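*Asks:* give me the fold of what follows.
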Amino acid sequence: MSLGSLHYITLGCAKNEVDTDRMRSLLSAAGYTETDSPQEAAAVLINTCSFLAAATTESLEATFEVAREADGLTRRPQIIMCGCVPSRYGQELNAELPEVAAFVNTREEDAIVSVVDSVLGIKRSEPPHLPKVKRTVESAVAYLKISDGCDRFCSFCAIPYIRGAYQSRSAAQILAEAQELVAGGVRELVLIGQDTGVWGSDFDERQGATGPKNLAQLLVYLAEALREQQVWIRVLYLQPEGMTEELVAAIRDTPEVLPYIDIPVQHVSKHVLADMNRTGSEAELRELFRWLRSEIPHMVIRTTYLAGFPGETDKDAEDMLHFMTDLSFDYTSVFAYSREEGTSAYDMDNQVADDVILARTQAGLDVAEELGFASTAAHVGETALVLIDGIDEGDEGPELIGHAWFQAPDSDGAVHLPLGEASVGDIVMVKFDDSVCYELMGHVVRGTE
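*Replies:* Below is the predicted model:
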């Protein structure tokens, strides 16, 4: 039974992509189809981001754009706003956005079928079919949420107010979803959450009685269950405090788990970190990364610098740049501080001027690119495993696009190969012949694994 076509718009991070995929799976099982055209849809679902003011603005502009494009149509699509904007702003949106037929916050998304049914006037004689695992498979890589929410309350971040308290998914739920994704052709699972390193810390005695109790044990549990399928497992969004000896050993000693460490330090100045409501100091962070490199010699490290936080001095900014250079991070994301209403940093004294924030952000980006380009170029002449993601149009015609184990998908550049050397979804051994910025060019030296 087809009840009408839906169009999906997803804004923001990979966690939102997972949430959209869950809603798509539920609605598809319930009888709804999908269209690439919002004008032809019975309803448009916009999964919004509100992490920063700019993201909120983008979400609102996307909503207004759909409404404008619907003007003059005989049948206007209904707009359903999901995700972070409804979670952050709640009831005040009803009066502000009359263009929207329904609002669905992040904790209500599993009830999306009843919301869409209500908006479209669908009356069911029987309850809708609900799939056991609420995901679809569209590529060889899939993001897998192991938790939601956050209890850290960093002073610059609105996520705890949007997503709520930290909540780990059970190991059984995570494994069932992983197995379903792998059965559909996924070769790499990227574990995500607002704070992956503390997975399991919120379990009560009953939940923790059997099975994995922390992230290290979860990684081993997933790897052992999926070993025959030869799946890569990557984990993102770790925090410095979460890097325990057990977790490091699990990453080092479990072949399926990629030695790719993503730790957003944000800063190294002790007083800036304290004002951010984060722990640590430059000395402690240097020791952490020294220890990690001694334990996992060939690992790749990604980090994050938040430039222009209130009270950051010129010296603080210079110290962060020196830290990035000395540690030679493979990849660094540099973000400009955004003054977000509702966060404790919003009312702090010593707000940094916008032009200074932009200058410090650009300086950070310059260092990040210099280090990242050099790290990428260092792989020229090496061989490494590459997962083939798809086919794209290159300068000289169609080519294969993939990513090596040391490149997080959608973040760290890609590998370009001649068409015909492998197929989408293959994991092949590649020799790298050249690099440009974060991109690598190469050729296959060994076939599918």
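
*Asks:* burial measure for S114, as a count.
*Replies:* Here the number of neighbours of S114 (other CB atoms under 10 Å) works out to 15. Glycine gets a C-beta too; all of them are placed from N, C-alpha and C.

*Asks:* what helix or strand is it on?
*Replies:* Element membership for S114 (DSSP states H and E) is helix 112-120.

*Asks:* repeat that for G372.
*Replies:* helix 354-377.

*Asks:* hmm, who's touching that helix?
*Replies:* With contacts defined as CB atoms under 8 Å, 6 or more residues apart in numbering, helix 354-377 is touched by 305, 307-308, 312, 317, 320-321, 324-325, 328-337, 352, 413, 435, 437-440.

*Asks:* of these, buried ones?
*Replies:* 305, 307-308, 312, 317, 320-321, 324, 329-337, 352, 413, 435, 438, 440 (16 or more other CB atoms under 10 Å).

*Asks:* among those, name the ones in strands.
*Replies:* Y305, A307, Y331, T332, S333, V334, F335, A336, S435, L440 (DSSP state E).

*Asks:* average pLDDT across stretch 296-312?
*Replies:* The average pLDDT within stretch 296-312 is 96.

*Asks:* buried residues, stretch 156-175. List them.
*Replies:* Buried, per 16+ other CB under 10 Å, within stretch 156-175: 156-164, 166, 168-169, 171, 174-175.

*Asks:* same question but for stretch 245-254, I mixed them up
*Replies:* Of the residues in stretch 245-254, L247, V248, A250, I251, T254 count as buried by neighbour count, 16+ other CB under 10 Å.

*Asks:* swap in stretch 55-73?
*Replies:* Buried residues in stretch 55-73, defined by neighbour count with 16+ other CB under 10 Å: A55, T56, E58, S59, L60, A62, T63, V66, A67, A70.

*Asks:* for stretch 344-356, same thing?
*Replies:* A345, Q351, V352.

*Asks:* which pLDDT value goes with the first one?
*Replies:* By that I understand A345. So A345 comes in at 97 (pLDDT).

*Asks:* secondary structure class for it?
*Replies:* Here A345 is recorded as helix under DSSP: H, G, I helix; E, B strand; the rest coil.

*Asks:* verify the stated contact: it with G311.
*Replies:* No - applying CB atoms under 8 Å, one finds A345 not in contact with G311, separated by 9.5 Å.

*Asks:* shared neighbours of the two, anything?
*Replies:* Taking CB under 8 Å, 6+ apart as the contact rule, A345 and G311 both touch D275.

*Asks:* picking up where we left off before, could I get the buried residues of stretch 245-254 as JSON lines with pLDDT, distance to R187 and secondary structure?
*Replies:* Below are these laid out as JSON lines (pLDDT from 0 to 100; distance: CB to CB, whole Å; DSSP: H, G, I helix; E, B strand; the rest coil):
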{"residue": "L247", "pLDDT": "97", "distance to R187": "23", "secondary structure": "helix"}
{"residue": "V248", "pLDDT": "97", "distance to R187": "25", "secondary structure": "helix"}
{"residue": "A250", "pLDDT": "97", "distance to R187": "20", "secondary structure": "helix"}
{"residue": "I251", "pLDDT": "97", "distance to R187": "19", "secondary structure": "helix"}
{"residue": "T254", "pLDDT": "97", "distance to R187": "17", "secondary structure": "coil"}
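
*Asks:* any chance of the residues you listed in JSON lines, with distance to A216 too?
*Replies:* Listed next are the buried residues of stretch 245-254 as JSON lines, based on distance: CB to CB, whole Å:
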{"residue": "L247", "distance to A216": "4"}
{"residue": "V248", "distance to A216": "8"}
{"residue": "A250", "distance to A216": "4"}
{"residue": "I251", "distance to A216": "8"}
{"residue": "T254", "distance to A216": "9"}
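
*Asks:* so where's the chain uncertain?
*Replies:* 1-2, 132-134, 205-209, 447-449 (pLDDT under 70).

*Asks:* what's the longest strand in it?
*Replies:* When the chain is parsed with DSSP E, its longest strand is strand 383-394.

*Asks:* hmm, back to that, which one of the ones in strands among the buried ones among the contacts of helix 354-377 is nearest A408?
*Replies:* Using CB to CB, Y331 is the member of those that sits closest to A408, with 7.7 Å.

*Asks:* who does that closest one form a beta bridge with?
*Replies:* R302 (DSSP bridges).

*Asks:* distance between the helix holding G372 and the chain's centre?
*Replies:* Averaging C-alpha coordinates over helix 354-377 and over its chain gives two centres that are 21 Å apart (CA atoms, centre = their mean, to the nearest Å).

*Asks:* hey, C-alpha coordinates of it in CSV?
*Replies:* Extracted C-alpha coordinates of helix 354-377, given in CSV (Å, rounded to 0.1, in the frame of the first residue of the first chain):
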residue,chain,number,x,y,z
ASP,A,354,34.4,39.1,15.6
ASP,A,355,37.3,40.2,13.4
VAL,A,356,39.8,38.7,15.9
ILE,A,357,37.8,35.4,16.0
LEU,A,358,37.9,35.2,12.2
ALA,A,359,41.6,36.0,12.1
ARG,A,360,42.4,33.3,14.7
THR,A,361,40.2,30.8,12.9
GLN,A,362,42.0,31.5,9.6
ALA,A,363,45.4,31.1,11.3
GLY,A,364,44.3,27.8,12.8
LEU,A,365,43.0,26.6,9.4
ASP,A,366,46.3,27.6,7.8
VAL,A,367,48.2,25.4,10.3
ALA,A,368,45.7,22.6,10.0
GLU,A,369,46.0,22.5,6.2
GLU,A,370,49.8,22.7,6.3
LEU,A,371,49.9,19.7,8.6
GLY,A,372,47.1,17.8,6.9
PHE,A,373,48.5,18.3,3.4
ALA,A,374,52.0,17.1,4.6
SER,A,375,50.4,14.1,6.4
THR,A,376,48.6,13.1,3.2
ALA,A,377,51.7,13.6,1.0
